[in-house]
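> coords please:
(chains A and B, ligands or ions: 2)
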Amino acid sequence: MALGFWQRALAAGVVLAVLCGCLSVFVILRRLAFIGVGISHSAFGGVALGFLLGIDPLWTGIVFSAGVALAIEWAQQRGHIEEDAAIGIFFAAAMALGVLFLHLSGTYNVDVFGFLFGNILAIGERQVVQIVVVAVGVLAVVGIFFKEYVFISFDEEMAWVSGLPVNFLRALFLVLLSLAVIVAIYLVGIILVSALLVIPGATARNLAGHLRPMLLVSLGSAVGATLVGLFASAWLDWPSGATIVVLLSLLFFLSTLWSRAK
Amino acid sequence: MTAAPAVELRGVWVIYHQRPVLEDIDLVIPPGRYVGIIGPNGAGKSTLLKVVLGLIPPARGVVRVFGEPPARLRRSGQLLGYLPQKLMSQPQFPVTVLEVVLMGRYGRIGLGRWPGPGDREAALAKLRRLRIEHLADRPIGALSGGELQRVFIARALVVEPRLLVMDEPTISLDACAQDDLFEMLHDLKEELDLTVLVVSHDIGAVARHVEEVVCLNRRLYVHEPPPIGRLALERTFGCSVEYLFHGEIPHRVVRRDE
Ligand SMILES: Nc1ncnc2c1ncn2[C@@H]1O[C@H](COP(=O)(O)OP(=O)(O)OP(=O)(O)O)[C@@H](O)[C@H]1O
Ligand SMILES: [Mg+2]
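Numbering: from 1, shown residues only, chains lettered A, B, ... in the order given. Ligands and ions are numbered 1, 2, ... in the order given. Just a heads-up that it's a prediction; the model follows:
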């Protein structure tokens, strides 16, 4: 079964929208928006390392951003440094390393622009498979620990007292987030990927008062913006990643107006 | 073999930014006791409870709950019920009252499994007992202060703990509910052989209902039975306190040693 580039883009886009739409709810509830930005930007270092070493940037990207995310968590848990400062420092350092790696690899001809801003129309079968495998795996883990993640988001102290492995679950979530970030880079790129992890959940928070509808709205807005964005960008010949993010932002502003008006 | 004390603190210090908040606390509470903790604002009462729960590791000293360090205890399925002083960090969190109370069951249910009908029944029973059954499907963000307090009390009880730790449980309850609560804790304690640790500023209620009073002001100072008198309270609080007479309650005074 061979898919055309357009079917591949649509399939990958929808799968990624579902993945990010789901994680986004927890990013908003657990106030992880800024760490999402940190993880996605540090992915640049990992991707560039892949070019330097001649390895699939997917793997180096995942290891690198998960490592940075866990380092931020560790630095902040130990109380050596405030979380926002830790994120700011780590992601700047990771991006700077990325530039050095690219320089050392001497491959300025690689599609850096594609990695920064996404190029879903260029992905191959292999990437589609990677995206589907990662999405199914991440969503399965979130599904298994759904009740625990809601509990931790609501009241971490009580979750700890109840015997939940809070530190393990926190670290696991950062790894899941890193996985999602790396595959979502295919769709909207490193610079914009945090939008996919933050905006759908924020929109849903505006519109829904309960968790289930919130999940549905988040998924719906992510999938809707992705589909409309892909078609519109093809029609207008605009960059697809940016079009999707603009649509997501538009939905967010509309939802804010709507919730104010209520 | 004698049963391990429910709570055992030996030489416990807690220090924030070079400033001691708890100094050299020794406290032993046998199982099945109903203990009230009183003391002025900033005395370290909430900190003491968090040390017992294992949420704050002490700078120095030994903490044992039922003979085990709290961090080990919490993983051994020996569940603790806890009512925090500060109830919610996110006032508009998108869950219902019943779902919040059900969270108290999660430690029993175990990782990756869903609450069953038995858990729902237990949660509803606690809501009924606190007279807020009609609020079960309300969003948690749409409650009055006292209603919210009852929801979190219900969550602490639905755990069916061996040790129940409550930080100012009566804080926004109306007069009837306050008395009800102290009575309910007493009944529960009798029924379930529960150890109860309650922090409260309502010295009158504490004196009427509990079996033992711990007065805390940063430092521990234990002395023998005579009932809490004006002097002991004044020393704990550092100001004159309404005189209370409440019979022969054995108590300890934990106070600042100037
Ligand atoms: N996270 C913290 N960092 C620094 N100091 C703290 C922290 N938490 C509490 N303190 C300080 O520790 C002391 C004891 O606080 P604690 O909350 O235990 O008091 P409390 O007896 O419960 O008072 P209240 O009656 O007001 O609830 C206070 O002086 C407080 O300022
Ligand atoms: Mg307190």
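> report the closest residue of the stretch 51-200 of chain A relative to ligand 1.
Nearest residue of the stretch 51-200 of chain A to ligand 1, counting by CB to the nearest ligand atom: residue A:79, 10.5 Å away. Yep, even glycine has a C-beta here, placed from its N, CA and C like the rest.
> at the contact with ligand 2, which residues of the stretch 101-250 of chain A appear?
Residues of the stretch 101-250 of chain A lying near ligand 2 by CB under 5 Å from the ion: none.
> identify the residue spatially nearest to the closest residue to chain B within the stretch 101-250 of chain A, adjacent ones excluded.
With CB to the nearest CB, the shortest gap between the stretch 101-250 of chain A and chain B falls at residue A:162, namely 3.5 Å. Of all residues not flanking residue A:162 in the chain, residue B:107 sits nearest, at 3.5 Å (CB to CB, 6 or more residues apart in numbering or on different chains).
> after the helix or strand where that neighbour lies comes which helix or strand?
According to DSSP states H and E, residue B:107 maps onto helix B:106-109. Using DSSP H and E, the next helix or strand after helix B:106-109 towards the C-terminus is helix B:117-129.
> how about whichever helix or strand comes after that following helix as PDB, C-alpha atoms only?
Helices and strands here follow DSSP H and E; after helix B:117-129, the next one along the chain is helix B:145-158. C-alpha atoms of helix B:145-158 as PDB (Å, rounded to 0.1, in the frame of the first residue of the first chain):
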ATOM      1  CA  GLY B 145     -15.900  27.600  51.600                       C
ATOM      2  CA  GLY B 146     -17.600  25.300  54.200                       C
ATOM      3  CA  GLU B 147     -18.900  22.900  51.500                       C
ATOM      4  CA  LEU B 148     -15.400  22.700  50.000                       C
ATOM      5  CA  GLN B 149     -14.000  21.900  53.500                       C
ATOM      6  CA  ARG B 150     -16.600  19.100  53.900                       C
ATOM      7  CA  VAL B 151     -15.600  17.600  50.500                       C
ATOM      8  CA  PHE B 152     -12.000  17.400  51.500                       C
ATOM      9  CA  ILE B 153     -12.900  16.000  54.900                       C
ATOM     10  CA  ALA B 154     -14.900  13.300  53.000                       C
ATOM     11  CA  ARG B 155     -11.800  12.600  50.900                       C
ATOM     12  CA  ALA B 156      -9.600  12.200  54.000                       C
ATOM     13  CA  LEU B 157     -12.200   9.800  55.500                       C
ATOM     14  CA  VAL B 158     -12.900   7.700  52.400                       C
END
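> what's whichever residue of chain B sits closest to ligand 2 in contact with, if anything?
Going by CB to the ion, ligand 2 is nearest to residue B:46 of chain B, at 3.1 Å. By CB atoms under 8 Å, 6 or more residues apart in numbering or on different chains, the residues touching residue B:46 are B:85, B:167, B:199.
> distance of the second one from ligand 1?
This means residue B:167. 7 Å (CB to the nearest ligand atom, to the nearest Å).
> what's the neighbour count on that residue?
22 (other CB atoms under 10 Å in any protein chain shown).
> residue contacts, it?
Applying CB under 8 Å, 6+ apart, we find residue B:167 in contact with B:45, B:46, B:49, B:82, B:83, B:84, B:85, B:199.
> I'd assumed residue B:165 was in contact with the third one.
Read that as residue B:49. Yes. With contact defined as CB atoms under 8 Å, residue B:49 counts as touching residue B:165 (5.2 Å).
> the more surrounded of those two?
Neighbour comparison, residue B:49 and residue B:165: the larger count goes to residue B:165, with 26 against 22 (by other CB under 10 Å).
> which SS class is the more buried one?
Put simply, residue B:165 is strand when judged by DSSP: H, G, I helix; E, B strand; the rest coil.
> list phi and psi for residue 82.
This is for chain A. Main-chain dihedrals, residue A:82, degrees, to the nearest 10: phi -70, psi 150.
> um, chain B though
Main-chain dihedrals, residue B:82, degrees, to the nearest 10: phi -140, psi 130.
> pLDDT value on it, please?
Residue B:82 carries a pLDDT value of 95.
> how about the residues of chain B near chain A?
Residues of chain B lying near chain A by CB under 8 Å from any CB of the partner chain: B:53-55, B:74-75, B:77, B:79-80, B:82, B:84, B:88-90, B:93-96, B:100, B:103-104, B:106-107, B:109, B:111-112, B:114-115, B:139, B:141, B:155, B:159.
> from those residues, which would you call buried?
Buried subset of these (neighbour count, 16 or more other CB atoms under 10 Å in any protein chain shown): B:53-55, B:74, B:79-80, B:82, B:84, B:88, B:93-96, B:100, B:103-104, B:106-107, B:109, B:115, B:139, B:155, B:159.
> on that earlier part again, quickly list what's touching both of residue B:49 and residue B:165.
Counting by CB under 8 Å, 6+ apart, the residues touching both residue B:49 and residue B:165 are B:82, B:197.
> all good on my end, thank you.
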